[in-house]
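# fold the following, please.
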Amino acid sequence: MTDLSALVEPHRVHRSIYVEPDIFAKEMEKIFGGTWVYLAHESQVAEPNDFLTVRLGHRPVILTRDADGQLHGLLNRCAHRAATVCNEECGSAKNFQCSYHGWTYSNRGDLVNVPFADGYPVDFDKSDYGLSQLPSIGTYRGLIFGTLNPDPSSLLDWLGPAAPLIDEFVDRSPTGRIELRNRQRMIYRGNWKLAWDNAGDGMHPTFAHRSFVLHNENQHGGERSLSQFKSNPDDTGMYGEDLGNGHMFVDQRPGLTGSFWETQRPVPGHEWYADRIESEYGDSSADVLEMAPGSMVNLSIFPNLLIKGNHLETIDPISVDETRLCTWVATAEGAPDEVNVMRMRIAEDFPSLGNPDDLELFERCQEGLGVSEVEWVDMSKGLGHPSEQVSAEGVRRGPVTHEGPMRGYIRAWLELMEADTKRVVVDSESVKREVAG
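Residues are numbered from 1 along each chain as shown. Model prediction:
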């Protein structure tokens with residue numbers, strides 16, 4: 001295995017971390033197996049016996065809520081001959097039967113039936129053949145995380161300064177709870193870390209989304225969301241932060257010239273829904289309307305969750321040079337139906353028109369990384385710059401076009417890749433569960 005520390009310098013990283021299959025395979029073990037990874041939101045398994053199939057790196061997982069309301073992360077692998085036992089994306093089920101030889105498991109993971117049991121050894125015990133499970137499951141504000149690490153740091157410690165930013169996102173809802181709706185899936189031919197680089201990059205909208213920014217201005221004037229990227233974004237007060245543990249934050253709110261609602265681009269039904277809310281809520285209608293547009297922040301929870309606008313987006317590595325992105329709209333529990341309909345319509349705006357810009361550029365980057373004679377990728381902007389501030393919690397903040405957040409996640413990446421982290425699977429009785437908030 002390559003000496004990974006030789007591939008990371010303070011101001012640059014080696015191209016091989018994006019193109020080498022051996023490094024990618026190690027990431028699936030060390031990062032997507034050794035630390036907390038986002039699995040799903042509680043609204044996706046809200047009721048007893050609900051399930052959702054997800055992935056932990058390359059490991060297929062059935063996330064279940066049993067009849068008692070307890071969460072389980074079941075490895076979707078029959079204990080007999082390894083076939084997956086659940087092949088639906090989601091639903092409600094008390095049991096899962098393997099379609100190969102009929103072994104049947106409860107949604108707690110216990111083996112409950114073996115057909116034609118005569119012929120197995122006399123000491124064959126069904127309790128030894130349950131579905132293997134993730135040893136650690138944690139939740140924070142409805143977000144569900146899991147890991148193969150039996151002794152991870154507490155989820156709250158792992159989130160660190162990202163936790164109150166999650167609070168801000170969720171607490172835009174009147175009840176302090178959100179529900180995920182809809183899903184948009186995109187695949188690009190490039191390494192998963194290209195999406196992570198981009199999530200903390202406050203310079204790229206000025207150029208990558210130039211056509212969108214100019215069209216936005218031509219259609220709706222120069223005071224709408226994203227107009228702050230038309231010229232130098234650093235003149236607006238927007239900033240990026242390295243939150244530690246690989247988490248990143250980009251705050252676009254200082255660049256707004258008005259409220260969220262005032263700077264939101266019109267969407268179909270915009271005026272009609274606004275009129276209904278103003279008619280029903282009168283003087284408080286401005287506060288109600290403010291719940292509809294996106295939050296104007298990008299919060300990235302390493303290694304696979306992006307919270308941006310009104311969306312949760314997951315990064316799902318398929319291979320060293322292929323990645324799937326899935327985006328869900330977060331509706332606000334307790335908000336008027338009109339607000340949540342507008343959230344859905346707003347989701348047809350930038351995610352549909354702007355994300356393809358990013359994916360095209362990820363593929364161009366992956367193609368360029370194929371040039372083996374040019375070895376390094378630069379991330380030096382802002383390094384040692386006097387504008388960088390460091391908080392008492394160790395959060396590093398700099399102007400939005402600086403690359404400090406990227407350097408921060410690469411430090412966390414290297415630490416995890418070099419760590420001697422234990423990875424195990426357990427039975428249903430041995431799972432550790434943490435409710436962090």
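# residue nearest the centroid of this structure?
In the chain, the residue lying closest to the centroid (CA atoms, centre = their mean) is residue 305, at 1.3 Å.
# domains of the protein?
The chain breaks down by automatic domain parsing into domains covering 35-151+423-437, 153-418.
# distance to residue 15 added to those domains, as TSV?
All C-beta atoms are positioned from the backbone trio N, CA, C, and that covers glycine. Output for those, formatted as TSV (distance: least, CB to CB, whole Å):
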stretch	distance to residue 15
domain 35-151+423-437	22
domain 153-418	5
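# mean pLDDT and distance to residue 23 added to those domains, as JSON lines?
Shown next, in JSON lines, are the domains of the chain (pLDDT from 0 to 100; distance: least, CB to CB, whole Å):
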{"stretch": "domain 35-151+423-437", "mean pLDDT": "96", "distance to residue 23": "13"}
{"stretch": "domain 153-418", "mean pLDDT": "91", "distance to residue 23": "8"}
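# rewinding a little: who's in contact with the residue nearest to the centre of the chain?
38, 143, 312, 313, 314, 315 (CB atoms under 8 Å, 6 or more residues apart in numbering).
# farthest pair in the residues you listed?
Distance extremes for those: the farthest pair is 143 and 315 at 14.9 Å, using CB to CB.
# which one of those two is surrounded by more residues?
residue 143 (24 against 21; other CB atoms under 10 Å).
# please tell me I have it right and the more buried one contacts residue 166.
Yes. Look at residue 143 against residue 166 with CB atoms under 8 Å: they come within range, at 7.0 Å.
# give me the common contacts of the two.
In contact with both residue 143 and residue 166: residue 301, using CB under 8 Å, 6+ apart.
# re earlier: now the residue nearest to the centre of the chain: how far from residue 162?
With the distance defined as CB to CB, to the nearest Å, residue 305 ends up 10 Å from residue 162.
# and if you look at residue 433?
As judged by CB to CB, residue 433 and residue 162 stand 21 Å apart.
# the two: which has the busier surroundings?
residue 162 (25 against 11).
# I'd guessed the more buried one sits against residue 247; true?
Yes. Using CB under 8 Å, residue 162 is in contact with residue 247, at 4.4 Å.
# now the common contact residues for these two.
Shared contacts of residue 162 and residue 247, defined by CB under 8 Å, 6+ apart, comprise 299, 301.
# wait, a strand at residue 335?
No. Residue state for residue 335 (DSSP: H, G, I helix; E, B strand; the rest coil) corresponds to coil; a strand is not indicated.
# that one: how many residues sit nearby?
19.
# show me the contacts for it.
Neighbouring residues of residue 335 by CB under 8 Å, 6+ apart: 173, 174, 288, 291.
# show me where the stretch 1-150 of the chain has its strands.
8-9, 12-14, 37-41, 50-56, 59-65, 71-75, 90-92, 95-97, 104-106, 111-113, 136-140, 143-147 (DSSP state E, counting those that start in this stretch).
# and residue 232, which of those is closest to it?
It's strand 12-14; of these, that one is closest to residue 232 (CB to CB) at 24.0 Å.
# pull the residues that contact the closest one.
Contacts of strand 12-14 (CB under 8 Å, 6+ apart): 6, 7, 8, 375, 376, 377, 378, 379, 380, 410.
# out of these, who's nearest residue 296?
residue 379 (24.6 Å).
# and the closest one, how far from residue 398?
Taking CB to CB, one finds residue 379 at 13 Å from residue 398.
# excluding sequence neighbours, find me the nearest residue to residue 29.
Nearest non-adjacent residue to residue 29, counting by CB to CB, 6 or more residues apart in numbering: residue 423, 7.0 Å away.
# how much space separates residue 6 from residue 415?
On the measure of CB to CB, residue 6 and residue 415 end up 15 Å apart.
# between the two, who's got more neighbours?
Between residue 6 and residue 415, counted using other CB under 10 Å, residue 415 has the larger neighbour count: 13 against 9.
# outside of the helix or strand the more buried one falls within, which residues touch it?
In this assignment (DSSP states H and E), residue 415 forms part of helix 404-418. For helix 404-418, contacts defined as CB under 8 Å, 6+ apart pick out 4-5, 8, 10-11, 13, 17, 26-27, 30-31, 34-35, 193, 196-197, 200-201, 240-250, 300, 302-303, 379, 382-383, 388, 396-398.
# tell me where this structure has helices.
Per DSSP state H, the chain carries helices over the ranges 16-19, 21-30, 155-159, 162-170, 192-199, 205-208, 210-220, 260-263, 270-281, 285-289, 337-346, 350-353, 355-369, 404-418.
# please work out which of the ones you listed is packed deepest.
Of all the helices of the chain, helix 192-199 has the most neighbours on average by mean count of other CB atoms under 10 Å, namely a mean of 23.
# give me the residues contacting it.
17-18, 188, 204, 248, 250, 298, 300, 302-303, 306, 308, 315-317, 323, 325, 358, 361-362, 365-366, 406, 409, 413.
# what sits against the closest residue to residue 370 other than its chain neighbours?
Spatially, and ignoring its direct neighbours in sequence, residue 370 is nearest to residue 19 (6.9 Å; CB to CB, 6+ apart). Residue 19 is in contact with 191, 320, 321, 366, 369, 370, counting by CB under 8 Å, 6+ apart.
# contact partners for the fifth one?
It refers to residue 369. 15, 18, 19, 191, 377.
# how much space between residue 163 and residue 137?
17 Å.
# and if you look at residue 87?
Residue 87 is 23 Å from residue 137, by CB to CB.
# ditto for residue 203
38 Å.
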